[in-house]
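**Q** Got a predicted structure plus its sequence, pasted below:
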Amino acid sequence: MPEEKKNDWEHYEETIEQFIQVIAKNMSLYGVTPSIGRLYGVLYFSEDPMTLDDMRDALEMSKTSMSTGVRALSDMKMVEPSFKKGVRKDLYKSEEDWYKSFTSLFGSRWRHHTETNIEEADETIHELENLKEETDDDSLKEKINKDIERLEYAQNYYRWLLNFIHVVESGEIFNYVPKIDQKKPPK
C-alpha cells in the first residue's frame, strides 16, 4: 500500500478511535464501564459481526473481559447475536438503533432505581409510624409527621417518574420528542 494511502487509513482509524472514546466516556452516564463502552464502539463501527477473538484482538483485552462485556451489552439490548453461514464461533453485532438502545437502557436502569426508592420510602414511613406510636415525645411526633409528609411527596415524585419511564420504554416519548432521523446507519 502506498505511504499516502497508509497515512489516510491511519488518520481514519485515529478519528474513529477518538469517537469510540467519546462513546465510552458518555456511556458512563448510564452506569456502563469505559471498557464496555469501547467494546460497543468497536462493534458499532465494525462492518461485520465479530467473534470474541476478534474483539479481543481489536481491544487488546482478555477473552473473559470480552465475554463479560458482550453479556452486559446484550442484557442492555445494545448487542445481539448474529449468524454467518460456515462460522462456528459465536458472532455479535451492535444494535444499530440508538433510539431503541437508549429507551431500553434508560428504562431498565431508571425503573430499577425508582422502584427501589419507592420501596425504601415505604419501609421508612412504616418505621416512622411505628416509632410515632411508641414514643411519648410530642416534638418527636411532630418531626415524624413532617418527615412522613416529605416521604409521601418523594413517593409521588417517584410514581410520576415511573409514568415518565413508561413513556420512554413504550416509545410514546417519540410522539413528544420526534426522532431526528429514523434511517439506520449503513451495514
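**A** Received, thanks.
**Q** Next, the buried residues of the host helix or strand of Tyr158.
**A** Taking DSSP states H and E as the criterion, Tyr158 maps to helix 138-170. Along helix 138-170, these residues count as buried under the neighbour rule (16 or more other CB atoms under 10 Å): 144, 148, 151, 154-155, 158, 161, 165, 167-169. Using the backbone N, CA and C atoms, a C-beta is placed for each residue, glycine as well.
**Q** per the record, what domains does this protein have?
**A** 3-95, 99-176 (automatic domain parsing).
**Q** re the thing from before, quick one: list the elements packing against the helix holding Tyr158.
**A** helix 98-134 (3 or more CB pairs under 8 Å, 6 or more residues apart in numbering; DSSP states H and E).
**Q** which strands and helices sit next to the helix it packs on?
**A** Checking 3+ CB pairs under 8 Å, 6+ apart, helix 98-134 ends up next to helix 138-170.
**Q** as a whole number, average confidence for the helix it packs on?
**A** In this model, helix 138-170 carries a mean pLDDT of 96.
**Q** and the next element down the chain from that helix?
**A** helix 173-176.
**Q** Could you list the buried residues of that next one?
**A** Buried residues in helix 173-176 (16+ other CB under 10 Å): Ile173.
**Q** which of the domains of the chain has the lowest average pLDDT?
**A** domain 3-95 (a mean of 89).
**Q** can you pull the contacts of the spatially most central residue of the chain?
**A** Central residue check for the chain by CA atoms, centre = their mean: the C-alpha nearest the mean position is that of Leu105, 3.8 Å away. The contact partners of Leu105, by CB atoms under 8 Å, 6 or more residues apart in numbering, come to 30, 76-78.
**Q** ok, 10 Å please
**A** 27, 29-32, 73, 75-78 (CB atoms under 10 Å, 6 or more residues apart in numbering).
**Q** Of the residues you listed, which is the most crowded?
**A** Counting neighbours by other CB atoms under 10 Å, Met78 leads the contacts of Leu105 with 27 neighbours.
**Q** you'd agree that one is up against Glu95?
**A** Yes. Here Met78 reaches Glu95: they are 5.1 Å apart, a contact under CB atoms under 10 Å.
**Q** what touches both of the two?
**A** 40, 43-44, 101, 104.
**Q** what's the closest of these to Glu3?
**A** Tyr44 (29.5 Å; CB to CB).
**Q** what helix or strand does the closest one sit in?
**A** helix 34-45.
**Q** just how off-centre is that helix within its chain?
**A** 13 Å (CA atoms, centre = their mean, to the nearest Å).
**Q** Please apply the same query to stretch 120-130.
**A** 31 Å.
**Q** which other residues reach that stretch?
**A** Stretch 120-130 is touched from outside by 140-141, 143-145, 147-148, 150-158, with contacts defined as CB under 10 Å, 6+ apart.
**Q** Before I go, just wanted to say thanks for your time.
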